[in-house]
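Novice: Sharing a sequence plus its predicted fold:
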Amino acid sequence: MDRWIWENKEKRAAEENRQTITHVRLYDGEDKTSFDQGSLTVSTHRLLWSDGNRNIELPLKCITKVESHGAKFTKSAKVILTLSKSPHSQTPGPITDSKHDYIKLSFVKGGHQEGETSIRTCLNEKRWEKGVIAAPNKKSSLMGGGLVRIEQQIESSRQNADQSLNSAFKDIDNLMVKGKEMVILAERIAQKLSDVKTEGDETVELKSALLSIGISNPVTRESHGTGTSYHKSLGSELARMLDGPLREAGGVLSVSEVYCRYNRARGIELVSPEDVVNACKTLTPEQHGMELNKFSSGVLVVEGDNFKSIMDNLLQTIKSNECCTAMNLSNVMSIPLLLAKERLQAAEQHGIVCRDETDDGIFFYENLFCLM
(Lines give C-alpha, C1' and ligand atoms only; values in the text may rest on other atoms or scores of the structure.)
Protein backbone atom coordinates (compact mmCIF):
# COMPACT_ATOMS: atom_id res chain seq x y z
CA MET A 1 0.00 0.00 0.00
CA ASP A 2 2.98 2.38 0.25
CA ARG A 3 2.94 2.66 -3.58
CA TRP A 4 -0.50 4.29 -3.50
CA ILE A 5 -0.34 8.10 -3.47
CA TRP A 6 -2.95 10.80 -2.99
CA GLU A 7 -4.66 11.51 -6.30
CA ASN A 8 -3.24 14.18 -8.56
CA LYS A 9 -6.32 15.85 -10.03
CA GLU A 10 -4.44 16.90 -13.18
CA LYS A 11 -5.04 14.40 -15.94
CA ARG A 12 -1.98 13.04 -17.74
CA ALA A 13 -1.36 13.80 -21.40
CA ALA A 14 -3.38 11.45 -23.63
CA GLU A 15 -4.80 9.63 -20.57
CA GLU A 16 -8.07 7.73 -21.07
CA ASN A 17 -10.31 6.07 -18.50
CA ARG A 18 -11.04 2.51 -19.60
CA GLN A 19 -13.11 0.89 -16.82
CA THR A 20 -14.83 1.82 -13.55
CA ILE A 21 -15.96 -0.86 -11.10
CA THR A 22 -17.74 -0.23 -7.81
CA HIS A 23 -17.53 -2.06 -4.46
CA VAL A 24 -13.78 -2.72 -4.59
CA ARG A 25 -11.83 -3.41 -1.37
CA LEU A 26 -8.06 -2.87 -1.07
CA TYR A 27 -5.67 -5.28 0.69
CA ASP A 28 -2.06 -4.63 1.65
CA GLY A 29 -0.70 -8.09 0.89
CA GLU A 30 -2.97 -10.39 2.92
CA ASP A 31 -3.98 -7.59 5.32
CA LYS A 32 -7.37 -5.92 4.97
CA THR A 33 -7.21 -2.11 4.97
CA SER A 34 -9.71 0.64 5.74
CA PHE A 35 -10.07 1.31 2.00
CA ASP A 36 -13.32 -0.59 1.53
CA GLN A 37 -16.26 -0.54 -0.89
CA GLY A 38 -14.82 2.19 -3.15
CA SER A 39 -14.85 2.73 -6.90
CA LEU A 40 -11.85 1.58 -8.92
CA THR A 41 -11.10 3.33 -12.22
CA VAL A 42 -8.57 1.84 -14.63
CA SER A 43 -6.96 4.41 -16.92
CA THR A 44 -4.17 4.14 -19.47
CA HIS A 45 -1.75 5.60 -16.89
CA ARG A 46 -2.91 4.63 -13.38
CA LEU A 47 -5.44 3.01 -11.07
CA LEU A 48 -7.68 5.42 -9.18
CA TRP A 49 -9.64 4.41 -6.07
CA SER A 50 -12.21 6.61 -4.34
CA ASP A 51 -14.86 6.25 -1.65
CA GLY A 52 -16.08 9.84 -1.99
CA ASN A 53 -13.87 11.14 0.81
CA ARG A 54 -10.49 9.65 -0.04
CA ASN A 55 -8.98 9.57 -3.51
CA ILE A 56 -5.76 7.66 -4.16
CA GLU A 57 -3.94 6.49 -7.26
CA LEU A 58 -1.37 3.87 -8.24
CA PRO A 59 0.78 4.49 -11.34
CA LEU A 60 0.62 1.53 -13.72
CA LYS A 61 4.41 1.65 -14.13
CA CYS A 62 4.67 0.31 -10.54
CA ILE A 63 2.89 -2.95 -11.50
CA THR A 64 5.16 -5.85 -12.52
CA LYS A 65 2.75 -8.81 -12.44
CA VAL A 66 -1.02 -9.43 -12.58
CA GLU A 67 -2.80 -12.53 -11.23
CA SER A 68 -6.42 -13.34 -10.44
CA HIS A 69 -8.27 -15.67 -8.09
CA GLY A 70 -11.93 -16.48 -8.74
CA ALA A 71 -14.67 -16.18 -6.13
CA LYS A 72 -14.97 -18.99 -3.58
CA PHE A 73 -17.63 -20.07 -1.08
CA THR A 74 -17.32 -17.06 1.24
CA LYS A 75 -14.63 -15.05 -0.54
CA SER A 76 -14.97 -12.55 -3.35
CA ALA A 77 -12.88 -12.66 -6.53
CA LYS A 78 -9.52 -10.91 -6.30
CA VAL A 79 -6.89 -9.48 -8.65
CA ILE A 80 -3.35 -9.60 -7.22
CA LEU A 81 -0.85 -6.96 -8.34
CA THR A 82 2.88 -7.44 -7.68
CA LEU A 83 4.62 -4.08 -7.36
CA SER A 84 8.12 -2.72 -7.92
CA LYS A 85 10.08 -1.20 -5.06
CA SER A 86 8.91 2.15 -3.76
CA PRO A 87 11.13 4.99 -5.11
CA HIS A 88 13.12 7.15 -2.68
CA SER A 89 11.32 10.27 -3.89
CA GLN A 90 7.87 8.78 -3.35
CA THR A 91 4.96 11.24 -3.56
CA PRO A 92 3.04 11.35 -0.23
CA GLY A 93 0.33 8.75 0.17
CA PRO A 94 -1.97 7.20 2.80
CA ILE A 95 0.67 4.69 3.96
CA THR A 96 4.38 5.51 4.20
CA ASP A 97 5.77 2.01 4.68
CA SER A 98 4.60 -1.54 3.91
CA LYS A 99 6.16 -4.97 4.43
CA HIS A 100 4.41 -6.37 1.36
CA ASP A 101 5.41 -6.13 -2.28
CA TYR A 102 1.91 -6.83 -3.58
CA ILE A 103 -1.67 -5.65 -3.14
CA LYS A 104 -5.06 -7.28 -3.67
CA LEU A 105 -8.13 -5.78 -5.30
CA SER A 106 -11.21 -7.54 -3.92
CA PHE A 107 -14.26 -7.25 -6.19
CA VAL A 108 -17.06 -7.67 -3.67
CA LYS A 109 -19.92 -7.51 -6.19
CA GLY A 110 -18.17 -8.85 -9.29
CA GLY A 111 -16.32 -7.28 -12.19
CA HIS A 112 -12.88 -8.79 -11.54
CA GLN A 113 -12.57 -10.20 -15.06
CA GLU A 114 -13.31 -6.82 -16.66
CA GLY A 115 -10.94 -5.11 -14.22
CA GLU A 116 -8.13 -7.60 -14.85
CA THR A 117 -8.54 -7.35 -18.63
CA SER A 118 -8.42 -3.54 -18.56
CA ILE A 119 -5.32 -3.52 -16.34
CA ARG A 120 -3.48 -6.02 -18.56
CA THR A 121 -4.43 -4.10 -21.72
CA CYS A 122 -3.23 -0.77 -20.33
CA LEU A 123 0.00 -2.34 -19.07
CA ASN A 124 0.70 -3.76 -22.54
CA GLU A 125 0.02 -0.40 -24.20
CA LYS A 126 2.37 1.55 -21.86
CA ARG A 127 0.79 4.82 -22.86
CA TRP A 128 2.56 6.64 -20.02
CA GLU A 129 5.86 6.12 -21.89
CA LYS A 130 4.63 7.41 -25.25
CA GLY A 131 3.12 10.78 -24.42
CA VAL A 132 1.48 12.95 -27.09
CA ILE A 133 3.32 13.10 -30.42
CA ALA A 134 0.92 15.14 -32.55
CA ALA A 135 1.01 18.96 -32.37
CA PRO A 136 -2.17 20.83 -31.38
CA ASN A 137 -2.65 22.16 -34.94
CA LYS A 138 -2.62 18.68 -36.47
CA LYS A 139 -6.02 17.48 -35.36
CA SER A 140 -6.68 15.48 -38.51
CA SER A 141 -3.38 13.60 -38.15
CA LEU A 142 -4.08 12.84 -34.49
CA MET A 143 -7.59 11.68 -35.34
CA GLY A 144 -6.28 9.50 -38.13
CA GLY A 145 -3.69 7.93 -35.85
CA GLY A 146 -6.38 7.32 -33.24
CA LEU A 147 -8.63 5.60 -35.78
CA VAL A 148 -5.76 3.40 -36.92
CA ARG A 149 -5.06 2.33 -33.32
CA ILE A 150 -8.76 1.61 -32.76
CA GLU A 151 -8.92 -0.50 -35.93
CA GLN A 152 -5.80 -2.38 -34.85
CA GLN A 153 -7.29 -3.07 -31.41
CA ILE A 154 -10.57 -4.27 -32.95
CA GLU A 155 -8.74 -6.58 -35.35
CA SER A 156 -6.55 -7.94 -32.53
CA SER A 157 -9.64 -8.58 -30.37
CA ARG A 158 -11.38 -10.32 -33.27
CA GLN A 159 -8.40 -12.60 -33.90
CA ASN A 160 -8.15 -13.48 -30.19
CA ALA A 161 -11.88 -14.22 -30.10
CA ASP A 162 -11.67 -16.45 -33.20
CA GLN A 163 -8.73 -18.34 -31.70
CA SER A 164 -10.57 -18.85 -28.41
CA LEU A 165 -13.74 -20.05 -30.19
CA ASN A 166 -11.82 -22.49 -32.36
CA SER A 167 -10.06 -23.89 -29.30
CA ALA A 168 -13.35 -24.15 -27.41
CA PHE A 169 -15.12 -26.00 -30.24
CA LYS A 170 -12.22 -28.46 -30.51
CA ASP A 171 -12.52 -29.14 -26.78
CA ILE A 172 -16.27 -29.67 -27.13
CA ASP A 173 -15.78 -32.10 -30.02
CA ASN A 174 -13.27 -34.10 -27.98
CA LEU A 175 -15.60 -34.07 -24.99
CA MET A 176 -18.49 -35.41 -27.07
CA VAL A 177 -16.35 -38.27 -28.37
CA LYS A 178 -15.12 -39.19 -24.90
CA GLY A 179 -18.62 -38.78 -23.49
CA LYS A 180 -20.04 -41.35 -25.90
CA GLU A 181 -17.27 -43.77 -25.00
CA MET A 182 -17.99 -43.33 -21.28
CA VAL A 183 -21.72 -43.94 -21.79
CA ILE A 184 -20.97 -47.18 -23.68
CA LEU A 185 -18.61 -48.27 -20.89
CA ALA A 186 -21.23 -47.43 -18.24
CA GLU A 187 -23.87 -49.49 -20.06
CA ARG A 188 -21.51 -52.49 -20.20
CA ILE A 189 -20.86 -52.21 -16.46
CA ALA A 190 -24.60 -51.96 -15.78
CA GLN A 191 -25.18 -55.12 -17.84
CA LYS A 192 -22.46 -56.97 -15.90
CA LEU A 193 -24.06 -55.93 -12.61
CA SER A 194 -27.47 -57.20 -13.71
CA ASP A 195 -25.92 -60.59 -14.53
CA VAL A 196 -24.38 -60.94 -11.04
CA LYS A 197 -26.70 -62.69 -8.58
CA THR A 198 -24.68 -62.22 -5.42
CA GLU A 199 -22.93 -59.05 -4.37
CA GLY A 200 -19.33 -59.65 -3.39
CA ASP A 201 -16.51 -57.17 -3.05
CA GLU A 202 -15.97 -57.03 -6.81
CA THR A 203 -19.65 -56.25 -7.41
CA VAL A 204 -19.53 -53.40 -4.91
CA GLU A 205 -16.45 -51.99 -6.65
CA LEU A 206 -18.22 -52.17 -10.00
CA LYS A 207 -21.19 -50.27 -8.59
CA SER A 208 -18.88 -47.61 -7.19
CA ALA A 209 -17.22 -47.27 -10.59
CA LEU A 210 -20.62 -46.95 -12.25
CA LEU A 211 -21.69 -44.23 -9.84
CA SER A 212 -18.47 -42.29 -10.44
CA ILE A 213 -19.10 -42.38 -14.20
CA GLY A 214 -22.64 -41.02 -13.85
CA ILE A 215 -26.06 -42.11 -15.09
CA SER A 216 -25.54 -44.99 -17.54
CA ASN A 217 -28.99 -45.02 -19.17
CA PRO A 218 -30.48 -41.53 -18.71
CA VAL A 219 -34.16 -40.71 -19.14
CA THR A 220 -34.92 -39.15 -22.54
CA ARG A 221 -38.05 -37.95 -24.33
CA GLU A 222 -37.62 -40.77 -26.84
CA SER A 223 -37.70 -43.42 -24.11
CA HIS A 224 -40.18 -41.87 -21.63
CA GLY A 225 -42.49 -39.67 -23.69
CA THR A 226 -43.19 -35.99 -23.17
CA GLY A 227 -45.02 -33.73 -20.74
CA THR A 228 -45.84 -34.86 -17.21
CA SER A 229 -44.74 -38.46 -17.76
CA TYR A 230 -41.30 -37.33 -18.92
CA HIS A 231 -40.83 -34.92 -16.00
CA LYS A 232 -41.92 -37.54 -13.44
CA SER A 233 -39.35 -39.98 -14.84
CA LEU A 234 -36.72 -37.24 -14.74
CA GLY A 235 -37.72 -36.49 -11.15
CA SER A 236 -37.26 -40.11 -10.06
CA GLU A 237 -33.86 -40.29 -11.77
CA LEU A 238 -32.90 -36.94 -10.26
CA ALA A 239 -33.87 -38.11 -6.75
CA ARG A 240 -31.69 -41.23 -7.03
CA MET A 241 -28.73 -39.15 -8.17
CA LEU A 242 -29.21 -36.47 -5.49
CA ASP A 243 -29.60 -38.74 -2.47
CA GLY A 244 -25.89 -38.74 -1.52
CA PRO A 245 -24.98 -35.15 -2.51
CA LEU A 246 -28.04 -33.77 -0.73
CA ARG A 247 -27.13 -35.41 2.57
CA GLU A 248 -23.51 -34.33 2.25
CA ALA A 249 -24.61 -30.72 1.67
CA GLY A 250 -26.67 -30.59 4.87
CA GLY A 251 -30.04 -31.42 3.33
CA VAL A 252 -30.37 -28.51 0.89
CA LEU A 253 -29.05 -27.69 -2.61
CA SER A 254 -29.90 -24.75 -4.86
CA VAL A 255 -31.65 -25.67 -8.10
CA SER A 256 -28.75 -24.16 -10.06
CA GLU A 257 -26.35 -26.57 -8.35
CA VAL A 258 -28.80 -29.44 -8.89
CA TYR A 259 -28.86 -28.56 -12.59
CA CYS A 260 -25.06 -28.66 -12.84
CA ARG A 261 -24.69 -31.92 -10.88
CA TYR A 262 -27.49 -33.62 -12.82
CA ASN A 263 -26.19 -32.73 -16.28
CA ARG A 264 -22.66 -33.68 -15.28
CA ALA A 265 -23.95 -37.11 -14.28
CA ARG A 266 -25.96 -37.51 -17.50
CA GLY A 267 -22.91 -36.97 -19.71
CA ILE A 268 -23.95 -35.98 -23.26
CA GLU A 269 -27.73 -36.41 -22.75
CA LEU A 270 -28.17 -32.92 -21.30
CA VAL A 271 -31.51 -31.47 -20.16
CA SER A 272 -32.63 -27.84 -20.10
CA PRO A 273 -32.96 -25.72 -16.94
CA GLU A 274 -36.74 -25.63 -17.49
CA ASP A 275 -36.94 -29.45 -17.56
CA VAL A 276 -34.86 -29.68 -14.37
CA VAL A 277 -37.19 -27.25 -12.57
CA ASN A 278 -40.26 -29.16 -13.79
CA ALA A 279 -38.65 -32.44 -12.69
CA CYS A 280 -37.97 -30.94 -9.24
CA LYS A 281 -41.64 -29.95 -8.97
CA THR A 282 -42.60 -33.65 -9.12
CA LEU A 283 -40.45 -34.51 -6.07
CA THR A 284 -42.31 -35.41 -2.86
CA PRO A 285 -40.97 -36.27 0.62
CA GLU A 286 -43.12 -39.42 0.73
CA GLN A 287 -41.93 -40.87 -2.59
CA HIS A 288 -38.49 -39.35 -3.09
CA GLY A 289 -37.36 -38.14 0.34
CA MET A 290 -36.97 -34.58 -0.94
CA GLU A 291 -38.99 -31.68 -2.36
CA LEU A 292 -38.69 -28.32 -4.12
CA ASN A 293 -38.96 -25.19 -1.96
CA LYS A 294 -38.54 -21.46 -2.49
CA PHE A 295 -36.68 -19.11 -0.15
CA SER A 296 -38.09 -15.70 0.70
CA SER A 297 -35.35 -14.24 -1.51
CA GLY A 298 -36.80 -16.13 -4.49
CA VAL A 299 -34.04 -18.76 -4.66
CA LEU A 300 -35.31 -22.25 -5.53
CA VAL A 301 -33.80 -25.13 -3.54
CA VAL A 302 -34.24 -28.90 -3.19
CA GLU A 303 -34.56 -29.92 0.45
CA GLY A 304 -34.11 -33.45 1.79
CA ASP A 305 -36.42 -34.95 4.40
CA ASN A 306 -33.50 -34.81 6.84
CA PHE A 307 -33.09 -31.05 6.44
CA LYS A 308 -35.26 -30.06 9.41
CA SER A 309 -33.50 -32.46 11.79
CA ILE A 310 -30.10 -31.19 10.61
CA MET A 311 -31.18 -27.57 11.10
CA ASP A 312 -32.60 -28.37 14.55
CA ASN A 313 -29.31 -29.99 15.56
CA LEU A 314 -27.36 -27.00 14.22
CA LEU A 315 -29.59 -24.55 16.09
CA GLN A 316 -29.22 -26.44 19.36
CA THR A 317 -25.43 -26.35 18.92
CA ILE A 318 -25.51 -22.57 18.41
CA LYS A 319 -27.86 -22.07 21.39
CA SER A 320 -25.63 -24.07 23.73
CA ASN A 321 -22.62 -21.94 22.74
CA GLU A 322 -24.53 -18.62 22.32
CA CYS A 323 -22.87 -18.24 18.90
CA CYS A 324 -20.43 -20.07 16.66
CA THR A 325 -18.25 -19.78 13.58
CA ALA A 326 -17.94 -22.30 10.77
CA MET A 327 -14.76 -23.60 12.41
CA ASN A 328 -16.51 -24.03 15.78
CA LEU A 329 -19.38 -25.93 14.14
CA SER A 330 -16.93 -28.13 12.24
CA ASN A 331 -15.15 -29.11 15.47
CA VAL A 332 -18.28 -29.62 17.58
CA MET A 333 -20.22 -31.65 14.97
CA SER A 334 -17.12 -33.44 13.60
CA ILE A 335 -17.88 -32.46 10.01
CA PRO A 336 -15.63 -30.93 7.31
CA LEU A 337 -15.24 -27.16 7.40
CA LEU A 338 -16.75 -26.77 3.93
CA LEU A 339 -19.85 -28.70 4.97
CA ALA A 340 -20.14 -26.57 8.13
CA LYS A 341 -20.08 -23.42 5.99
CA GLU A 342 -22.78 -24.82 3.68
CA ARG A 343 -25.05 -25.71 6.59
CA LEU A 344 -24.69 -22.27 8.16
CA GLN A 345 -25.41 -20.65 4.83
CA ALA A 346 -28.54 -22.80 4.37
CA ALA A 347 -29.69 -21.93 7.92
CA GLU A 348 -29.12 -18.24 7.22
CA GLN A 349 -31.08 -18.41 3.95
CA HIS A 350 -33.98 -19.97 5.86
CA GLY A 351 -33.81 -17.25 8.51
CA ILE A 352 -32.87 -19.71 11.26
CA VAL A 353 -29.64 -17.90 12.10
CA CYS A 354 -28.19 -14.45 11.49
CA ARG A 355 -24.57 -13.38 11.10
CA ASP A 356 -22.32 -10.80 12.70
CA GLU A 357 -19.22 -9.91 10.65
CA THR A 358 -16.32 -8.72 12.82
CA ASP A 359 -12.56 -8.31 12.50
CA ASP A 360 -12.22 -11.67 14.28
CA GLY A 361 -14.42 -13.49 11.79
CA ILE A 362 -18.08 -14.23 11.02
CA PHE A 363 -20.20 -15.32 14.00
CA PHE A 364 -23.65 -16.87 13.68
CA TYR A 365 -26.41 -16.40 16.27
CA GLU A 366 -29.93 -17.75 16.68
CA ASN A 367 -32.45 -15.63 14.80
CA LEU A 368 -34.97 -14.82 17.53
CA PHE A 369 -37.54 -13.74 14.91
CA CYS A 370 -37.37 -17.04 13.00
CA LEU A 371 -40.81 -18.49 12.23
CA MET A 372 -39.58 -21.94 11.13
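Specialist: Now that the structure is in, tell me what you want to look at.

Novice: all helices for this structure, in order.
Specialist: 112-125, 127-130, 139-195, 201-213, 221-224, 227-248, 255-266, 273-281, 285-288, 307-321, 326-333, 337-349 (DSSP state H).

Novice: and those, which one's lowest on average pLDDT?
Specialist: The weakest mean pLDDT among these belongs to helix 201-213, with a mean of 53.

Novice: What does the pLDDT read for the residue with the shortest distance to the centre of the chain?
Specialist: The centroid of the chain falls nearest to Ala71 when counting by CA atoms, centre = their mean (4.2 Å). We have a pLDDT of 73 for Ala71.

Novice: Over to the one 5 residues further on?
Specialist: The predicted structure scores Ser76 at 83 on the pLDDT scale.

Novice: Can you give me the neighbour number for it?
Specialist: Look at Ser76: counted by other CB atoms under 10 Å, it has 18 neighbours. Every residue, glycine included, has its C-beta placed from N, CA and C.

Novice: quick one: buried residues of stretch 241-251?
Specialist: With burial defined by 16 or more other CB atoms under 10 Å, the residues of stretch 241-251 counted as buried are Met241, Leu242, Pro245, Leu246, Ala249, Gly250, Gly251.

Novice: Then stretch 249-264?
Specialist: By 16+ other CB under 10 Å, the buried positions in stretch 249-264 come out as Ala249, Gly250, Gly251, Val252, Leu253, Ser254, Val255, Val258, Tyr259, Arg261, Tyr262, Asn263.

Novice: Turn the buried residues of stretch 241-251 into TSV, including distance to Gly29.
Specialist: Shown next, in TSV, are these (distance: CB to CB, whole Å):
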residue	distance to Gly29
Met241	43
Leu242	42
Pro245	37
Leu246	40
Ala249	34
Gly250	34
Gly251	39
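
Novice: Next, give me the two most distant ones among the residues you listed.
Specialist: Met241 and Gly250 (17.5 Å; CB to CB).

Novice: For Leu48, name its beta-bridge partners.
Specialist: The bridge-partner assignment for Leu48, based on DSSP bridges, gives Thr41, Glu57.

Novice: is it true that it touches Leu26?
Specialist: No. If you go by CB atoms under 8 Å, Leu48 and Leu26 don't touch, sitting 12.0 Å apart.

Novice: out of the buried residues of stretch 249-264, who's nearest Val276?
Specialist: Nearest to Val276 among the buried residues of stretch 249-264, counting by CB to CB, is Tyr259 at 4.7 Å.

Novice: Show the contacting residues for the nearest residue to that closest one once chain neighbours are set aside.
Specialist: Distance criterion CB to CB, 6 or more residues apart in numbering; nearest residue to Tyr259, sequence neighbours excluded, is Val276 at 4.7 Å. Counting by CB atoms under 8 Å, 6 or more residues apart in numbering, Val276 makes contact with Leu234, Leu238, Val255, Val258, Tyr259, Tyr262.

Novice: Would you confirm that the fourth one contacts Val299?
Specialist: No. Judged on CB under 8 Å, Val258 makes no contact with Val299 at a distance of 11.9 Å.

Novice: Adding distance to Asn367, write the buried residues of stretch 249-264 out as a markdown table.
Specialist: Conversion of the buried residues of stretch 249-264 to a markdown table gives the following (distance: CB to CB, whole Å):
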| residue | distance to Asn367 |
| --- | --- |
| Ala249 | 21 |
| Gly250 | 17 |
| Gly251 | 18 |
| Val252 | 16 |
| Leu253 | 22 |
| Ser254 | 20 |
| Val255 | 24 |
| Val258 | 26 |
| Tyr259 | 29 |
| Arg261 | 29 |
| Tyr262 | 32 |
| Asn263 | 35 |
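
Novice: right, and out of the residues you listed, which lies closest to Pro285?
Specialist: Gly251 (11.6 Å).

Novice: What distance do you get for the nearest residue to the closest one once chain neighbours are set aside to Asp360?
Specialist: In space, and not counting its chain neighbours, Gly251 is closest to Phe307: 3.2 Å by CB to CB, 6+ apart. Distance check for Phe307 against Asp360: by CB to CB, to the nearest Å, it reads 30 Å.
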